[in-house]
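Colleague: Here is a sequence with its predicted model. Questions after.
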Amino acid sequence: MKKTYILFLLILLSSVSFSQIAPNFTVNDCNASSVDLYTQLNSGKVVIICWVMPCSSCIPASKTTYNVAQSYQTSNPNKVLFYLCDDYGDTPCASIDSWANANTIPASATSLRFSNAAINMTNYGSAGMPKIIVVGGASHTIFYSANGTVDPTALQTGINNAILAANSVNEIQDAAIAASLFPNPVSNLLNITFQLEKQSNVTIEIYNNLGAKILAKSEKCSQGNNKIEVNTKEFNKGIYYAKISNGNTSKTLKFNLVH
């Protein structure tokens, strides 16, 4: 109850500051992997988006933002993601890569690069160079927004508030649908168990750690206890998310795949 109250206050304060919920996008990153913003947020991630031209004046704020994002990898591994985006999606990925590498902003599983006009900075407030936002939580709230410069302390506060909201995602989903999975870690066969109040069509979706959907299957399931098996033998090892939904409610569970 206390966490729910705190989360409500954070979202309320955030809405007073920015009055904005981040719109969704589904695009390929510069490695040609599909990324869906809401999938990332709904799985409990915090996403920092940094738009650059790229240009020399973009370097200080962009590097500071990247360094602050990476500082969370010890305390919150793989939870805080840094998206480096071309401002209008008209700069080739090769140029974005070259600029980022030259300025010590390396790519990784938590540091992605994009050049796609669908990630339109004006959908998230006024344009800036660079423009930086922090998004998190099941409500897809913007917790920090800045143009042209970055305040590291304010950025950290925005990330901390977004992490608190993100940590509440699973609590909200737990109340929506009772589900679990085993074994975890899993090798070749994942068992997903859940309870239904009435017969329903259930959809299972599996997402990788970058938010890309790699499997989807649907079954008509009966009232009460159910189990659906997912063959994971052909998946690469790593972190994945299983989303279970019955049309009205859903729950997302994290699992680790080992071979």
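Modeller: Right, received. Where do you want to start?
Colleague: what ranges do the helices span in the chain?
Modeller: Along the chain, counting by DSSP state H, helices occupy 2-18, 37-42, 59-70, 93-102, 152-167, 169-176.
Colleague: If you average the pLDDT over the fifth one, what comes out?
Modeller: Right, helix 152-167. Here helix 152-167 scores 89 as its mean pLDDT.
Colleague: Give me the helices and strands touching it, please.
Modeller: Judged by 3 or more Cβ pairs under 8 Å, 6 or more residues apart in numbering; DSSP states H and E, helix 152-167 is in contact with helix 2-18, strand 46-52, helix 59-70, strand 131-136, strand 141-147. The C-beta positions use only the backbone N, C-alpha and C, and glycine is treated the same way.
Colleague: can you map out the strands along the stretch 101-250 of the chain?
Modeller: Assigned by DSSP state E, counting those that start in this stretch, the strands in the stretch 101-250 of the chain fall at 111-114, 131-136, 141-147, 179-182, 189-196, 200-208, 213-221, 224-231, 238-245, 250-257.
Colleague: Let me see the residues that make contact with stretch 198-205.
Modeller: 192, 194, 196, 213, 215-223, 226, 228, 230, 242-247 (Cβ atoms under 8 Å, 6 or more residues apart in numbering).
Colleague: just the strands of the stretch 101-250 of the chain: most buried one?
Modeller: Greatest average neighbour count among these goes to strand 131-136 (a mean of 28), per mean count of other Cβ atoms under 10 Å.
Colleague: angle of that strand against helix 152-167?
Modeller: Angle between the axes of strand 131-136 and helix 152-167 is 30 degrees (criterion: axes from the mean of the first three to the mean of the last three Cα atoms, to 10 degrees).
Colleague: quick one: strands adjacent to strand 131-136?
Modeller: Strand pairing for strand 131-136, determined by DSSP bridges: strand 46-52 (antiparallel), strand 141-147 (antiparallel).
Colleague: Dump these to JSON lines, plus mean pLDDT and distance to residue 23.
Modeller: What follows is those, written out as JSON lines (pLDDT from 0 to 100; distance: least, Cβ to Cβ, whole Å):
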{"stretch": "strand 46-52", "mean pLDDT": "97", "distance to residue 23": "12"}
{"stretch": "strand 141-147", "mean pLDDT": "93", "distance to residue 23": "10"}
